[in-house]
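> no sequence for this one, just the structure:
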Ligand SMILES: O=C(O)c1ccc(O)c(O)c1
Ligand SMILES: [Mg+2]
């Protein structure tokens, strides 16, 4: 697999772009003319910079408004092309991308365009160059790769080929089956991009909203399966016009890009077993069967405060680590760990972020395979020294530099709690309140990072994303995207904050970066849980009484149920499958959220409709500690 990315896809000057692209593992770049025009060095300098970075220039683009012109514009277009051929030769690339004309003076006509390309092919051949023709989705006469292919076919010149771009084909919902009959040697390069499903003008959509394959909603995999069927084994080149990426981190966008290609080709390889593909053989997406543990890094003061919260929520202190200052709290299948070590990853995490979730343990089918796959997809490995007799939990880096550990049931890792923890002498008394497992984990991040983590989770684990929803905080919108697996044993909500005045944004500011902000525990009987919490002396977050009048009317609830909800400060939602009940603890620290939920009858959502009311309540609770009013 040969990978390339267009320089327009990432931010920075040319030098920064090249460094990030090379480090992410790409083989080549497409040079966008503007990037190069803005650079104060000669084409030759650019060429050597690229090659010094260990990269190849896969093409030079775009050459616009070439085909179908009347004279005198036609002659001028050929002169322009010759000038660009000069540049290409200095740069050291042999392929030019010509995109279909949008010129109002272009005349149309398949044979006229074919004749133009034949002549361009003759001129290119003299210099040993090639020209690829791409149909822009908004081209004046040609906006379908099938027409572009017909022109290339009729031009019938060895130096003229087609360039396929998944965006243009998929944006217009063109049957990708039509690609399967194009001879592979006539496909000069394949450009790949995805995009979110938004109904808007094609050109605007393409220039601002493209994203990496797998990050959007277009069937890029089907497009790529059709390309693979031709036997094409040339460059796969990302061409991503995206406002956010242009301003984002060149390093992380490049890593995402490379990850997206490895993931895409891995899917194609699995779904087209009869096609020989030069893609790495990596373990399949990893099945997850639950969140095995959540680890907090804390100092002693916060550890005590967290322990009080856990106790009130019905967790029992069950064990101490054999050699470290690490304590285990348990209820049902939930393991919460507090780490107050002074020399460890947890401590460095505490130093940077304050008390926070420094690690998550996921129960997976095969922990070693999980690490292999994650690493093949460019995830950062994580290792730390272990004491004698302790287990090394395979791990990688996750959101905000936190760690994701893998625990499986088939290796010795299954015994981690017995091997590494000794029962505490005097277990703190705690009355369980019926919490059974982790329903979902909420991670908060800058909105700009959301696609990165979306791709991370969906490419490594056997999960899917559900449509983005807007969570309305009185101080702004927080975009929320759910990642979940089939049986609901892994549910993650990614919350992207756009400003610092939202509860999510405040949390990021206070914890110095993205991290886990929210744990929702599942119970099978939330009213019994509420009663048990009261018995433990636990006061849940007070919700405005106005909410209950609305909920009662909106869902046509029995007055008795509405009264019970009101009494318990419980939130309610319903979908076509069932009902959802939510109870919140008062926010902990700078906005950490503990929630208890019950899903009845297969409710699928996360109570997004209730978010404005509970966020307002959380902010009221936090206001004495400096949370702004809105
Ligand atoms: O938006 C454009 O004009 C444009 C130019 C070149 C391409 O390859 C493309 O896909 C789009
Ligand atoms: Mg393109």
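Right, received. Where do you want to start? All values derive from a computational prediction rather than experimental measurement. Ligands and ions are numbered 1, 2, ... in the order given.
> What pLDDT is listed against residue 626?
On the pLDDT scale, residue 626 is placed at 61.
> Point out the residues in the stretch 201-350 of the chain that sit beside ligand 1.
Residues of the stretch 201-350 of the chain lying close to ligand 1 (CB under 6 Å from any ligand atom) are 206, 207, 239. The way it works is simple: take the backbone N, C-alpha and C, and place the C-beta from them, glycine included.
> which one is the first one nearest to, not counting chain neighbours?
Spatially, and ignoring its direct neighbours in sequence, residue 206 is nearest to residue 167 (5.7 Å; CB to CB, 6 or more residues apart in numbering).
> hmm, back to that, okay if I get the residues of the stretch 201-350 of the chain next to ligand 1 as CSV plus secondary structure and pLDDT?
Conversion of these to CSV gives the following (DSSP: H, G, I helix; E, B strand; the rest coil; pLDDT from 0 to 100):
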residue, secondary structure, pLDDT
206, helix, 97
207, helix, 97
239, coil, 98
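> Could you pick out the buried ones from those residues?
For those, a burial check counting by 16 or more other CB atoms under 10 Å picks out 206, 239.
> Which helix or strand contains residue 455?
Secondary structure assigned from DSSP states H and E places residue 455 in helix 450-460.
> what does the helix or strand that that helix is followed by rub up against?
Secondary structure here is assigned by DSSP H and E; on that basis, the next helix or strand after helix 450-460 toward the C-terminus is strand 464-465. Contact with strand 464-465 is made by 454, 458, 481, 482, 483, 484, 485, as judged by CB atoms under 8 Å, 6 or more residues apart in numbering.
> Dump these to TSV, plus neighbour count, secondary structure and pLDDT.
As requested, these are exported to TSV (neighbours: other CB atoms under 10 Å; DSSP: H, G, I helix; E, B strand; the rest coil; pLDDT from 0 to 100):
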residue	neighbour count	secondary structure	pLDDT
454	24	helix	96
458	17	helix	97
481	19	strand	94
482	22	strand	96
483	22	strand	97
484	20	strand	97
485	19	coil	96
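> Residue of the stretch 251-400 of the chain closest to ligand 2, please.
Sorted by distance to ligand 2 under CB to the ion, the residues of the stretch 251-400 of the chain start with residue 257, at 14.8 Å.
> Tell me how far residue 497 lies from residue 503.
Here residue 497 is placed at a distance of 9 Å from residue 503 (CB to CB, to the nearest Å).
> got it, and residue 535?
If you go by CB to CB, the gap between residue 535 and residue 503 works out to 29 Å.
> biggest helix in the chain by residues?
Ranked by number of residues, the top helix in the chain under DSSP state H is helix 250-271.
> could you give the mean pLDDT of it?
If you average the pLDDT over helix 250-271, you get 97.
> Go through it and flag the buried ones.
Buried residues in helix 250-271, counted by 16+ other CB under 10 Å: 250-269.
> sorry, back to before: which residues are common contacts for residue 497 and residue 503?
Taking CB under 8 Å, 6+ apart as the contact definition, residue 497 and residue 503 share the neighbouring residues residue 478.
> ok, back up a step: any idea how far the residue of the stretch 251-400 of the chain closest to ligand 2 lies from residue 29?
Summarising the geometry, the distance separating residue 257 from residue 29, computed by CB to CB, is 11 Å.
> Quickly list what's touching both of these two.
residue 5.
> Would you agree residue 390 is in contact with residue 384?
No: applying CB atoms under 8 Å, one finds residue 390 not in contact with residue 384, separated by 10.6 Å.
> what about the host helix or strand of residue 290, distance to the chain center?
Assignment of secondary structure by DSSP H and E places residue 290 within strand 288-297. Relative to the centre of its chain, strand 288-297 is centred 20 Å away, using CA atoms, centre = their mean, to the nearest Å.
> Adjacent strands (with direction) for that strand?
The strands that strand 288-297 pairs with in its sheet are strand 334-339 (parallel), strand 356-364 (antiparallel) (by DSSP bridges).
> The helix or strand following that strand: how far from the chain's middle?
Beyond strand 288-297 in the direction of the C-terminus, DSSP H and E gives the next helix or strand as helix 300-312. A distance of 33 Å separates the centroid of the chain from that of helix 300-312, by CA atoms, centre = their mean.
> Cool, thanks, talk later.
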